[in-house]
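K.L.:
for reference, the sequence and a predicted model appear below.
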2 protein chains.
Amino acid sequence: MSPEEFRRQGHAAIDWIADYWASLDELPVRAQVAPGDVRRLLPASAPEDAEPFDAVLADLDRVVVPGLTHWQHPRFFAYFPANSSPAAILGDLLSSGIGAQGMIWATSPAVTEVEQVVLDWFAEALGLPAAFRSDGPGGGVIQDTASTATFTALLSALHRASGGEARVSGVGGTQWRVYGSTQAHSSLVKAAMMAGLGEDAVRTIAVDPVTQAMDVDSLRDAMVEDVGAGLRPVMVQAACGSTSTGAMDDVAAIAEVAREGGAWLHVDAAWAGVAAVCPEHRDHLAGVEAADSFVTNPHKWLLTTFDCSTFWVRDRAALTGALSILPEYLRNAATESGEVVDYRDWHPQLGRRFRAIKLWAVLRTYGLSGLREHIRQGVTLAEHVAGLVASDDRFEMVTEPALSLVVFRLRAGDEQTLAAMEAVNASGEAYLSHTTVNGVAAIRLAVGSWRTTLADVDRTWRALQEAAAAHG
Amino acid sequence: MSPEEFRRQGHAAIDWIADYWASLDELPVRAQVAPGDVRRLLPASAPEDAEPFDAVLADLDRVVVPGLTHWQHPRFFAYFPANSSPAAILGDLLSSGIGAQGMIWATSPAVTEVEQVVLDWFAEALGLPAAFRSDGPGGGVIQDTASTATFTALLSALHRASGGEARVSGVGGTQWRVYGSTQAHSSLVKAAMMAGLGEDAVRTIAVDPVTQAMDVDSLRDAMVEDVGAGLRPVMVQAACGSTSTGAMDDVAAIAEVAREGGAWLHVDAAWAGVAAVCPEHRDHLAGVEAADSFVTNPHKWLLTTFDCSTFWVRDRAALTGALSILPEYLRNAATESGEVVDYRDWHPQLGRRFRAIKLWAVLRTYGLSGLREHIRQGVTLAEHVAGLVASDDRFEMVTEPALSLVVFRLRAGDEQTLAAMEAVNASGEAYLSHTTVNGVAAIRLAVGSWRTTLADVDRTWRALQEAAAAHG
Ligand SMILES: Cc1ncc(COP(=O)(O)O)c(C=O)c1O
Ligand SMILES: Cc1ncc(COP(=O)(O)O)c(C=O)c1O
């Protein structure tokens, strides 16, 4: 592709996106395909000869779009949003054009320094403790996902608890214990599996049946019991905004117990943490000053195209202690001076792209005031949904609304609840997901897309009412 | 940003990239900044009010560009290339616009099925064994990096060797051993650290001093010795194209030893593997039919914007066995039918973007013939460099050229070699990296950018000759 051709095709790709977005409202939210349908439309082998880029664009329309569930659709309410905003998309595009590798400071200094600054900005914007900022012993880094952040938190915890032995001779020999509530994200168990501790090392703590928050007395009892049995607590995870219902663990109380047990405290606020850009939504993070690490995902609610999971540690030495390696070909004066940070030692990967540009672009082009407005819009729409649920006798709330997440059901029962949800999903009108709370089935409606309006929520509610009439 | 504004700014971002590329030839390859220089140009906090996107573009020129080492520069010869081609950039841009999450098939079917097809295409294009294709018990997946691929290979190996016990009760209890040569990439040791085995679990095998390939007899001896001492071989890594000199391990011979020892065979062809699109460059993969897993990085030499590391396994059950988790909210009919693949269980992360589009765009817009031409151009230029080295008495080759990598030095000695390299790097004229081979310092010149011409190589050589005159 010549430079002129790149400009032409680049403009066409931008226009394709704008046209795709304009068409979303008319598209069924959930893909209407069966397994193998997409595959069957593609040839068996790569082409021998070059095809024009237009052929790729044409196949997006012909093959890909019908096989997509449209996460950017204004009536996508399943899981949590994965907002991709114009500013973030263009920021990431620029990163692709620059094509720099930031594995260490020396391989392209701006990649590291802009990331440090943007993570400092963002920590301040969320009201996070100064200890997480890069001018002290802590610091922030962009991880790909919260799963990776939680995994690296566990590796840091093991490094600290083992006095550096884990990286040398492994995790065997000690019976480590990791704690999270029954509502902790599955990535906690996955982290324990990957770190070589195994699923059995995760002790699952009961929750309050109403709030779904961790029962901190049970945590203390479990830890005391484990220590008595010769086991070694290594990490406690507090969930601020659980995946199922948005439950908020009491970080301050958990911090106290973690401290007593000598365990690392990791706070998983993957979805809800970004709401702290609004001062009125900082309550749920109370106690975070005592956390050893904290993760929240701008790639969910906060408009930053996947992947962008912001992760901070109080003591970066534990993290880099667990992960550092220094092959000859990466030795350099800047690293040896100790004046720079080499992000390679903050995550599992070596190579790393310039992901900070997209978060930088979001923070600047929305401004903190614009981001607050975005978060408040999501919360307002969720309150509206909660009002609709209260106004229709066939429905009931299952938990209190949490920020922009509403969890409810049909009083008629589990089967009816799931059938009504499936009817809405199958119609393509909106897309919702399910969960189980205290053993009963529930529908999750997570607002948060920058495209969702009051009209979208009302339209979805009408579809649910019709489905309730048919299935309730 | 309104749709019109997105189009306008999107076109501006594309044009910024085209202009940046056009300016590369005039820019110093290596950043000319000291630690803190970039940081100092940025404000201490995020802005309260929205700024126009143009302000971000302006800061790219003012703050970012001077702080970049330009990986897309035609005279960037350090490390390995991280080629970002127009087709891949636009493919990835489209993925951002679509903004779909492919953690499981059901969350957006096309994300999974296009990836399966493209990985099948690519396996065929590289001449990889049919066992790696998705229509049997194996299959391919795009990992972010080769480091992650190697890590997941190790987790799969542990899963298989432990009969599924590792994921449940951890890796303690057995003294696992992992094998790689002294030239194995540092990600192997990092994988052992992350998996809970520790660095000490990696047994480093000597190499042939001339070829730098693993000494397979030493591997056999080490394994026999370890088994005799009650240790348990779990994985052997063969390097096809080592980072330092491009050394090629003998996969077939290593496979034999791995089989005898009951160990998983992982082939790390991160850089060199993509050369197998050319039939004449498949020799170095001979024996790969016996590998349990294989990784190569289209994000290095093969024009696919980072991140795109293609990874195949012969038995996907070992991989998903090590990594699967199934929380309630992700339960769905398609998964339960067994008819689909859920890529969440193929890597550490949960969320995943539609990375297949960029590789699909590269394979189609270059065509296999275009990709072969690109690889051959890199090899030809490297041969030309080797000829230049041979023609100047002050220089000598340190190892035979490997594909597009040339490793040489100044006969005058280590200090002179490094000083000459540093002089070229500091001038900004070209950018090279160093290594150590059999204890002596050497310069690595890795060709492979789609922008590099014969004139760029010659100009770099002249700069080296001048530096040699000054330092040799
Ligand atoms: C509370 C919580 N933690 C972690 C995750 C995992 O996110 P990621 O895909 O970034 O790993 C999620 C995803 O929904 C989540 O809700
Ligand atoms: C042989 C080899 N393996 C692995 C890697 C790691 O690559 P990545 O950054 O994709 O993890 C490299 C990087 O240069 C490499 O040369």
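P.N.:
Structure received. Numbering: from 1, shown residues only, chains lettered A, B, ... in the order given. Ligands and ions are numbered 1, 2, ... in the order given.

K.L.:
where is the longest helix in chain A?
P.N.:
helix A:356-390 (DSSP state H).

K.L.:
what residues of that one count as buried?
P.N.:
Residues A:356-368, A:370-372, A:374-379, A:381-382, A:384-386, A:388-389 are the ones in helix A:356-390 that count as buried (16 or more other CB atoms under 10 Å in any protein chain shown). From N, CA and C alone the C-beta is placed, and that goes for glycine too.

K.L.:
please, which helix or strand holds residue A:416?
P.N.:
Assigned by DSSP states H and E, residue A:416 belongs to helix A:414-427.

K.L.:
which other residues reach that helix?
P.N.:
Contacts to helix A:414-427, defined as CB atoms under 8 Å, 6 or more residues apart in numbering or on different chains, come from residues A:28-30, A:409-410, A:430-432, A:434, A:440-443, A:460, A:463-464, A:467-468, A:470-472.

K.L.:
quick one: buried ones out of these?
P.N.:
Using 16+ other CB under 10 Å as the burial test, the contacts of helix A:414-427 include A:28-30, A:409-410, A:430-432, A:434, A:441-443, A:460, A:463-464, A:467-468, A:471-472 as buried.

K.L.:
quick one: which of those sit in strands?
P.N.:
A:409-410, A:434, A:441-443 (DSSP state E).

K.L.:
domain assignment for chain A?
P.N.:
Using automatic domain parsing, the domain parsing of chain A gives A:3-68, A:100-352, A:374-471.

K.L.:
so which of these has the densest surroundings on average?
P.N.:
domain A:100-352 (a mean of 22; mean count of other CB atoms under 10 Å in any protein chain shown).

K.L.:
which residue of chain A sits farthest from its center?
P.N.:
Largest separation from the mean C-alpha position in chain A: residue A:49, at 40.2 Å (CA atoms, centre = their mean).

K.L.:
you'd agree that residue is up against residue B:366?
P.N.:
No - the pair residue A:49 / residue B:366 is not scored as a contact, 9.5 Å apart, by CB atoms under 8 Å.

K.L.:
state the pLDDT value of residue A:328.
P.N.:
pLDDT, the model's per-residue confidence, is 69 for residue A:328.

K.L.:
for the stretch 151-300 of chain A, just list every one of the strands.
P.N.:
Counting by DSSP state E, counting those that start in this stretch, the stretch 151-300 of chain A has these strands, from start to end: A:176-181, A:202-205, A:232-239, A:264-268, A:293-296.

K.L.:
and the residue of the stretch 151-300 of chain A found nearest chain B, what pLDDT?
P.N.:
Closest contact between the stretch 151-300 of chain A and chain B, by CB to the nearest CB, is at residue A:196 (1.8 Å). If you check residue A:196, the pLDDT there is 98.

K.L.:
next up, the contacts around the residue lying closest to residue A:344 once chain neighbours are set aside.
P.N.:
Nearest residue to residue A:344 in three dimensions, chain neighbours excluded: residue A:103, at 4.2 Å (CB to CB, 6 or more residues apart in numbering or on different chains). Residue A:103 sits next to A:330, A:342-344, A:350-352 when contact means CB under 8 Å, 6+ apart.

K.L.:
and if you look at residue A:73?
P.N.:
By CB under 8 Å, 6+ apart, residue A:73 lies in contact with A:24-25, A:27, A:29, A:431, A:449, A:451.

K.L.:
which single one of these is nearest to ligand 2?
P.N.:
Of all these, ligand 2 sits closest to residue A:449, with 32.6 Å by CB to the nearest ligand atom.

K.L.:
which SS class is the nearest residue to the closest one once chain neighbours are set aside?
P.N.:
Closest residue in space to residue A:449, ignoring its immediate chain neighbours: residue A:81 at 5.0 Å, by CB to CB, 6+ apart. Recorded secondary structure, residue A:81: coil (DSSP: H, G, I helix; E, B strand; the rest coil).

K.L.:
does any part of stretch A:192-203 sit near ligand 1?
P.N.:
No - if you take CB under 6 Å from any ligand atom as the test, stretch A:192-203 misses ligand 1, and the best it gets is 12.6 Å.

K.L.:
thinking again about what came up before, widest-spaced pair of the ones in strands among the buried ones among the contacts of helix A:414-427?
P.N.:
Across these, the longest distance by CB to CB is 11.8 Å; it joins A:410 and A:434.

K.L.:
quick one on the thing from earlier: would CSV of the ones in strands among the buried ones among the contacts of helix A:414-427 with pLDDT be doable?
P.N.:
As requested, these are exported to CSV (pLDDT from 0 to 100):
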residue, pLDDT
A:409, 98
A:410, 98
A:434, 96
A:441, 98
A:442, 98
A:443, 98
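
K.L.:
could I get these as TSV with distance to ligand 2?
P.N.:
What follows is those, written out as TSV (distance: CB to the nearest ligand atom, whole Å):
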residue	distance to ligand 2
A:409	45
A:410	49
A:434	37
A:441	42
A:442	41
A:443	41
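
K.L.:
which SS class is the residue nearest to residue A:344?
P.N.:
With three-state DSSP as the basis, residue A:103 sits in coil.

K.L.:
now residue A:354
P.N.:
In three-state terms, and counting by three-state DSSP, residue A:354 is coil.

K.L.:
where's it relative to chain B, distance?
P.N.:
8 Å (CB to the nearest CB, to the nearest Å).

K.L.:
likewise for residue A:423?
P.N.:
Applying CB to the nearest CB, the value for residue A:423 to chain B is 15 Å.

K.L.:
ok so, going back, could the strands of the stretch 151-300 of chain A be laid out in CSV, adding mean pLDDT?
P.N.:
Output for these, formatted as CSV (pLDDT from 0 to 100):
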stretch, mean pLDDT
strand A:176-181, 98
strand A:202-205, 98
strand A:232-239, 98
strand A:264-268, 98
strand A:293-296, 98
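
K.L.:
looking at the ones you listed, which is nearest to ligand 2?
P.N.:
Closest among these, using CB to the nearest ligand atom: strand A:293-296, at 21.8 Å.

K.L.:
that closest one near chain B at all?
P.N.:
No - for strand A:293-296, no contact with chain B is found by CB under 8 Å from any CB of the partner chain; the gap never falls below 12.6 Å.

K.L.:
parallel or antiparallel, list what pairs with that strand.
P.N.:
Each strand paired with strand A:293-296, and its direction, by DSSP bridges: strand A:264-268 (parallel), strand A:309-313 (antiparallel).

K.L.:
so how far is the first one off the chain centroid?
P.N.:
If you compare the mean C-alpha spot of strand A:264-268 with that of the full chain, they lie 15 Å apart, counting by CA atoms, centre = their mean, to the nearest Å.

K.L.:
and what of the last one?
P.N.:
Centroid displacement of strand A:309-313 relative to its chain, using CA atoms, centre = their mean, is 11 Å.
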